[in-house]
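In: following is a predicted model, sequence given first.
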Amino acid sequence: MTKHFHTGSEQRGAISAAQAGLIVVLLLVIAGGVILLTGIWPPEKEPPASLVPAATPAPPPAPVEPEIEEPTLVPPPPPPEPVEEPLPRLEESDDAVRDAVGDIPLGAAGQQYLIPGNIIERSASLIYLMAQGEVPYKLLPVSRPKAAFPISDDGTQVVTDPAGFERYDALSQWLKSLDLESLLSSLEWFTPLFREAWSYYGEDPAAFDMAVVMMLDLVIATPEIDLSEARLIRKEAVWVFEDPAIEGLAPIQKQVLRAGPENAAIVKAKASEARALWLSQLSESA
């Protein structure tokens, strides 16, 4: 057996197997420390897709019931306020007056009264004169009797001839036929214009309302006297009543008496009806 002898220099330059193993161990320890200190670590391999449990699908969301809004009840709009037609000017009111009473039977006398203009002004004048006790023959819608005032003379006394009462039958029947309620209701809208026309006499416009009442009161207050028994006396060119109580009556009251008892009763009844309707209309509009 051959023996190999190594010199000392060879022993110093060579690394023994033990030393090499020790060096490997130290490198591994140092590498492990670096990994722990720096957090560097090789990524793990992903497992095959077949080994990854499938994610459980989330349940579908529950259906949301749509919110049903309660309908808002909107009250219907109030009906529009009636638009009142403006009152015409006094000097332009004739056609409006004719239209207002157009459906009311007024007879020939009433229709004749509406033909001329200034209807409200003429009516205010008529009321003004009658409230003073006068008889406005020129403004009345009927003609004044053309025949002379009839008298009866038996040689001992002169009295009114009852035959003359017939001259006023047509007038009283015309008054009796008038629908005063409809007539006054149709003319109520024009009351401010009547008051305005009344002021032309220098009177308070509001005084017109009571002037109508005064006029009607004069007619209603006419005493019940049969003129066929009332004596007449001649005074200058006219006949006058001998009884001063009769002769002292207002002209409009004597005119009512000259119509005769039956016609006078119709005229007074119609005046009473007009008075009640007029006062009722005034109280409702107050």
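Out: Received it, and whenever you're ready, just let me know what you need.

In: could you use CA atoms for every contact and neighbour count after this?
Out: Will do.

In: so which bits of the lengthiest helix in the chain are buried?
Out: Longest helix in the chain by number of residues (criterion: DSSP state H): helix 261-285. Neighbour-count burial for helix 261-285, counted by 16 or more other CA atoms under 10 Å, picks out 261, 263-272, 274-275, 277-278.

In: please apply the same query to stretch 127-138.
Out: Neighbour counts over stretch 127-138 (16+ other CA under 10 Å) mark Ile127, Tyr128, Leu129, Met130, Ala131, Gly133, Glu134, Val135 as buried.

In: one more: stretch 165-175?
Out: Buried positions in stretch 165-175, judged by neighbour count with 16+ other CA under 10 Å: Phe165, Arg167, Tyr168, Asp169, Leu171, Ser172, Trp174, Leu175.

In: how much distance is there from that stretch to the middle of the chain?
Out: 43 Å (CA atoms, centre = their mean, to the nearest Å).

In: return it as PDB; C-alpha atoms alone will do.
Out: Taking Å, rounded to 0.1, in the frame of the first residue of the first chain, the C-alpha atoms of stretch 165-175 are listed here in PDB:
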ATOM      1  CA  PHE A 165    -165.600 107.500 -13.000                       C
ATOM      2  CA  GLU A 166    -165.500 105.300 -16.100                       C
ATOM      3  CA  ARG A 167    -162.800 107.500 -17.600                       C
ATOM      4  CA  TYR A 168    -160.300 105.900 -15.200                       C
ATOM      5  CA  ASP A 169    -161.300 102.200 -15.600                       C
ATOM      6  CA  ALA A 170    -158.600 101.500 -18.100                       C
ATOM      7  CA  LEU A 171    -155.900 103.100 -15.900                       C
ATOM      8  CA  SER A 172    -156.900 101.100 -12.800                       C
ATOM      9  CA  GLN A 173    -157.100  97.900 -14.800                       C
ATOM     10  CA  TRP A 174    -153.600  98.600 -16.200                       C
ATOM     11  CA  LEU A 175    -152.200  99.200 -12.700                       C
END
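
In: who touches that stretch?
Out: With CA atoms under 8 Å, 6 or more residues apart in numbering as the test, stretch 165-175 has contacts from Gly107, Ala109, Val142, Pro145, Arg258, Ala259, Gly260, Asn263, Ala264, Ile266, Val267, Lys270.

In: quick one: contacts for the third one?
Out: Residues touching Val142, when contacts are defined by CA under 8 Å, 6+ apart, comprise Ala109, Leu171.

In: against Leu175, how distant is it?
Out: Distance, Val142 to Leu175, using CA to CA, to the nearest Å: 11 Å.

In: appreciated, that's everything.
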